[in-house]
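Participant: Here's my sequence, what's the structure:
(one chain, ligands or ions: 1)
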Amino acid sequence: MNGGQAQTSSANCDRQITLGLETRFGPNWTGRRCGAKTRQGTACQKPTLKARTRCQLHGGKSTGPKTVEGRQRVSEAHYKHGRRTNTQVTADRERAQLNREIRAALRERINMMIQDGTLPKNYRP
Ligand SMILES: [Zn+2]
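Facilitator: Below you'll find the predicted structure:
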């Protein structure tokens, strides 16, 4: 009695090893791995999806929105408060530049008034 298991000859064993080489997953697996950065800072070890460079957990399935409506929908889904939109950031930069110019002009006038004697020498606005 052999417990109901089939006999494993050395030839059969070699065939089984050869068959499993392409699908076996382990530290010496030769296939393509995902490599995305995980939360631990290490590279993801999962195999990639076919014809992709990432696993299904790291964006391998998604190819992104293609249609105009789809892109618009994703954009609206990510929109939170509008403080970092291109138009808002541009407006903030222009306003900051205007404020810098105003402060420089004010500083210049104060220095002129200090030199005239209108303001004391230790004047601080
Ligand atoms: Zn991954």
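Participant: For residue 17, what is the enclosing helix or strand?
Facilitator: helix 10-20 (DSSP states H and E).
Participant: got a list of contacts for that helix?
Facilitator: Helix 10-20 is contacted from outside by no residue at all, using CB atoms under 8 Å, 6 or more residues apart in numbering. All C-beta atoms are positioned from the backbone trio N, CA, C, and that covers glycine.
Participant: Okay, the residue positioned nearest the centre of the chain and residue 27: tell me how far apart.
Facilitator: In the chain, the C-alpha nearest the mean C-alpha coordinate belongs to residue 37, at 9.6 Å (CA atoms, centre = their mean). To residue 27, residue 37 is 20 Å away according to CB to CB, to the nearest Å.
Participant: The residue nearest to residue 38 when sequence neighbours are not counted - how many residues pack around it?
Facilitator: Nearest residue to residue 38, sequence neighbours excluded (CB to CB, 6 or more residues apart in numbering): residue 44, at 5.5 Å. Residue 44 has 16 neighbours, counted by other CB atoms under 10 Å.
Participant: Great, nothing more from me.
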